[in-house]
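Novice: Kindly generate the corresponding structure for this input.
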Amino acid sequence: MTDNLIPEVIPNWVNGSECLADSGATIDKISPVDGRRICGLARSGANDVRKAVAAARAAQPAWAGLTPVERGELLYRITRLMREEQKQIAGIIAAETGMALSAALGEAGAAIAQGEFMAGEGRRLYGHSTTSAVQDKYAVTVRQPIGVAGLIIAANTPIANIAWKVFPALICGNAAVLKAAEDTPATAWYFGGIAHRAGLPKGVLNVIQGAGDEAGAALVENPEVGVISFTGSTAVGRRIAAVAGERLARVSLELGGKNPLVVCDDADLERAVEWTLLSAFSNAGQRCAAASRILVFESVYDRFRERLIRGAEGLNIGPSDQDDYGPVINRRQLKKMLAVVERAKGKGATVLTGGHRLTDAAHAAGCYLAPTVIEGAGPQDEISTTELFGPVACLYRVEGFAAALQLANASPYGLTACIHTRSIHRATEFTQKVQAGVAVINAGTYGSEPHMPFGGFKQSGNGTREPGTEALSVYSELKAIYTNIDRGAL
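Specialist: Here you go, the predicted model:
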């Protein structure tokens, strides 16, 4: 279905036109499903980024000059085209990531919902009015655009990641330069084409392909980019914050997670196992909100472990709708995870199931990791404190609620957390005291919605929140306006 949708070389979108990198250089995009070359992508450099930023800067004043409602109407046109072409979008996502087509359709639907929500914010781009302590003085605040937004996304949920950043940036009146993930170049390129066909003015959205340390770095360094929004690893987020901070650019960072899922002694174990399997292994564990630390009360630990191992070993691995999850995104990521698992074994951890690459005929050419469950890792070991971004989960015994909460918070990350319990007292205390930006009761560690803020504590981010209406504060300046009345002129 995608053979006629993905071009031989994925170009950039700059000022409403497709173009290759100035150097003519390309990078190969390799399928994680079977190792074949899908396409090339433009290997953009600093000059390509400068052109995209210049186009955005030139287009931004006219875009900001539209009313927020008019901008919202244009964004609605984009979402309508996305809905009409949802199957095409999903087909590209499936081809690039190895995600099942049904899952890719769901992701595309979530991106459309995000776009529709943000388009509606054009009618709700609220400031506020307030009182003044001074007679004949009136005070209000208004939101105004920052200018050019640099958006850098990850490949795990490519169209959802695009929607989370592009739609709020544009509704606030900014023009944008989107740095596509090099593992999902066609998804970003196709979205750029939809925006163009929907009538978005030239230069308002520019899409740059290429490597993160080349095109992404150039975008972060560009002095004309007023706000940088990045989703990715904590290590890269730190570098971005340091570089952008030198010029006092605004930065929004949505970084890693090492998310705890707590199973209490009063939990519905079947339901807890089901949600653990989904949270740890769906999308091959390639979620910043994946559950990678499973904290189980001592009294139910053995029963839960037995059921979890049985459930993990029963998962089907492959790219079809009949499979539970597909490949990890590339060989580099696969090798990194396997190396961490081996080091954990060397420190005394036990692999209960998985821990190896699938090498049978159906999987050998791809990047498939068996669903992996580990026990016996220390809370401060590498595997307990490092985001792997793959289908690897660690089990930990805890004596009771206090120990579970303490261990849940004993992490450099604080993105999402979940507790399974029938007790309203435990559930309430956990959601109030767990150090995470999202807390869930009796479900999974993932599952954000367009109108709700998402982001984390500690090394999971820098305190900003996307999406939800809180994203508007990332992409807009708040201006206070005072009006003083001359009574003599009345």
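
Novice: how is this structure carved up into domains?
Specialist: Here the chain is described, according to automatic domain parsing, as comprising the domains 9-255+461-479, 259-441.

Novice: what's the closest of the ones you listed to Ala489?
Specialist: Closest approach to Ala489 among the domains of the chain is made by domain 9-255+461-479 (10.7 Å; CB to CB). Heads up, the C-betas are built off the backbone N, CA and C, glycines and all.

Novice: can you give me the end-to-end distance of that closest one?
Specialist: Terminal residues of domain 9-255+461-479 lie 44 Å apart, using CA to CA, to the nearest Å.

Novice: what's the answer for stretch 350-367, then?
Specialist: By CA to CA, the extent of stretch 350-367 from end to end equals 23 Å.

Novice: Please enumerate residues in contact with it?
Specialist: 31-36, 98, 305, 309, 312-313, 317-318, 327-331, 333-334, 338, 341, 345, 368-376, 391-392, 395 (CB atoms under 8 Å, 6 or more residues apart in numbering).

Novice: Could you find the closest non-adjacent residue to Cys288?
Specialist: Gly257 (4.8 Å; CB to CB, 6 or more residues apart in numbering).

Novice: ok, and that neighbour, which helix or strand is that part of?
Specialist: Using DSSP states H and E, Gly257 sits within no helix or strand.

Novice: count of neighbours near it?
Specialist: Here the number of neighbours of Gly257 (other CB atoms under 10 Å) works out to 31.

Novice: check contacts around the most centrally placed residue in the chain.
Specialist: Against the mean C-alpha coordinate of the chain, by CA atoms, centre = their mean, the closest residue is Asn161 at 5.0 Å. If a contact means CB under 8 Å, 6+ apart, then Asn161 has Ile153, Ala154, Ala181, Thr231 as its contacts.

Novice: try 6 Å
Specialist: For Asn161, the contact set (CB atoms under 6 Å, 6 or more residues apart in numbering) comprises Ile153, Ala154, Thr231.

Novice: Then the second one would be within a helix, right?
Specialist: No - read with DSSP: H, G, I helix; E, B strand; the rest coil, Ala154 is coil and lies in no helix.

Novice: Could you double-check that it sits in contact with Ser229?
Specialist: No - counting by CB atoms under 6 Å, Ala154 stays clear of Ser229, with 11.7 Å between them.

Novice: Which of the two has more residues huddled nearby?
Specialist: Applying other CB under 10 Å to Ala154 and Ser229 shows that Ser229 carries more neighbours, namely 27 against 20.

Novice: Figure out the helix or strand that the more buried one lives in.
Specialist: strand 227-231.

Novice: What pairs with that strand, parallel or antiparallel?
Specialist: strand 148-152 (parallel), strand 250-254 (parallel) (DSSP bridges).

Novice: Next SSE downstream of the first one?
Specialist: The one in question is strand 148-152. Using DSSP H and E, the helix or strand that directly follows strand 148-152 along the chain is helix 158-171.

Novice: Report the buried residues of the helix or strand following that next one.
Specialist: Next along the chain after helix 158-171, taking DSSP H and E as the criterion, comes strand 175-179. Buried residues in strand 175-179, defined by neighbour count with 16 or more other CB atoms under 10 Å: Ala175, Ala176, Val177, Leu178, Lys179.

Novice: Show me what strand 175-179 packs onto, helices and strands only.
Specialist: helix 46-65, strand 148-152, strand 205-208 (3 or more CB pairs under 6 Å, 6 or more residues apart in numbering; DSSP states H and E).

Novice: Next, the angle from that strand to strand 148-152.
Specialist: Counting by axes from the mean of the first three to the mean of the last three CA atoms, to 10 degrees, strand 175-179 lies at 20 degrees to strand 148-152.

Novice: which outside residues touch strand 175-179?
Specialist: Residues from elsewhere that reach strand 175-179, judged by CB under 6 Å, 6+ apart: 52-53, 56, 59-60, 63, 148-152, 166, 169, 204-208, 215-216, 219.

Novice: So for it, mean pLDDT?
Specialist: Mean per-residue pLDDT for strand 175-179: 98.
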